[in-house]
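Colleague: only geometry, no sequence info:
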Ligand code: ADP
């Protein structure tokens with residue numbers, strides 16, 4: 001199997017998780033969501049979970065150092081050796097640089113960054129809908145506002161970071177999820 005290493009970028013609510021799951025299933029690679037990993041740690045009450053609970057529930061970011069360590073550990077697992085789709089990481093320039101360094105060490109550079117584009121208004125509507133379905137503690141209007149502010153300040157600069165390396169592809173996330181996925185598959189066909 002040829003390796004496929006992907007990073008998903010996009011604002012909160014842009015549909016990264018939904019599309020990442022489908023990419024992972026279709027290509028037989030793990031979906032690595034830092035948000036899900038942190039929520040699982042919180043639910044389990046582990047040491048990591050206790051450390052990050054308040055931060056995650058306020059919509060702020062946990063420290064770069066901590067999350068880079070979580071990712072380093074996760075990427076060393078056997079199932080990640082043929083590729084992966086990262087969702088929610090990197091979220092800051094420091095994290096992107098740490099990922100580059102880590103992948104350079106492993107001699108397996110990132111192949112593609114998929115940026116899902118969606119108007120904030122639509123994204124907020126989708127998140128409030130999700131809050132009703134899943135009851136996520138950070139899907140309240142106040143915390144959503146904060147997550148957007150953090151995204152604009154910390155994560156949006158990553159578009160330029162990856163655009164400069166030539167591996168960024170933007171995908172319109174406003175159509176239905178099947179249509180968005182079909183577009184992603186067209187993009188990935190060009191990579192493989
Ligand atoms: P979203 O649906 O907004 O993309 P995620 O499920 O990816 O959210 O993440 C939820 C929360 O987990 C974030 O608001 C943040 O507190 C924490 N988190 C997830 N990934 C990271 C990361 N790479 N760096 C720092 N904090 C993170």
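Modeller: The structure has been received and is ready for your questions. Keep in mind it's a predicted model, so treat the numbers as computed, not measured.

Colleague: check which residues of stretch 126-145 are buried.
Modeller: Buried residues in stretch 126-145, defined by neighbour count with 16 or more other C-beta atoms under 10 Å: 126, 127, 131, 138, 139, 143, 144. All C-beta spots, glycine's among them, are computed from the backbone N, C-alpha and C.

Colleague: what does this protein have sitting close to the ligand?
Modeller: 12, 34-35, 38, 55-56, 59-62, 67, 88-89, 91, 95, 138, 147 (C-beta under 6 Å from any ligand atom).

Colleague: now, of those, which are buried?
Modeller: Buried members of the residues of the chain next to the ligand, scored by 16+ other C-beta under 10 Å, are 12, 34-35, 38, 56, 59-62, 67, 88-89, 91, 95, 138, 147.

Colleague: so which of the residues of the chain next to the ligand are in helices?
Modeller: Using DSSP state H, the subset of those located in helices is 34, 35, 38, 55, 56, 67, 95, 147.

Colleague: is it true that the fifth one touches residue 42?
Modeller: Yes - taking C-beta atoms under 8 Å as the definition, residue 56 is a contact partner of residue 42 at 6.6 Å.

Colleague: buried residues in stretch 8-26, which are they?
Modeller: For stretch 8-26, a neighbour-count test (16+ other C-beta under 10 Å) marks 8-20, 22-24 as buried.

Colleague: can you list contacts of it?
Modeller: The contact list for stretch 8-26, computed with C-beta atoms under 8 Å, 6 or more residues apart in numbering, reads 6, 29-31, 33, 35-36, 85-88, 113-118, 120, 122-124, 126-127, 130, 144, 147-148, 151, 155, 158-159, 162, 168, 173, 177, 180-181, 184-185, 188.

Colleague: any low-confidence regions in the chain?
Modeller: Along the chain, segments meeting pLDDT under 70 span 1-2, 192.

Colleague: rerun at 50
Modeller: Along the chain, segments meeting pLDDT under 50 span 1.

Colleague: what residue in it comes nearest to the ligand?
Modeller: As assessed by C-beta to the nearest ligand atom, the ligand sits closest to residue 35 within the chain, at 2.0 Å.

Colleague: is that residue in contact with residue 88, as I believe?
Modeller: Yes - the pair residue 35 and residue 88 passes the contact test of C-beta under 8 Å, sitting 4.5 Å apart.

Colleague: and the contacts of stretch 8-26, which of them are in strands?
Modeller: Using DSSP state E, the subset of the contacts of stretch 8-26 located in strands is 6, 31, 33, 85, 86, 87, 113, 114, 115, 116, 117, 168.

Colleague: ok, now which ones touch the third one?
Modeller: If you count contacts by C-beta under 8 Å, 6+ apart, residue 33 has them with 17, 20, 87, 88.

Colleague: the second one - nearest residue in space that isn't next to it in sequence?
Modeller: I take that to be residue 20. The shortest distance from residue 20 to any non-neighbouring residue, by C-beta to C-beta, 6 or more residues apart in numbering, is to residue 87 (4.1 Å).
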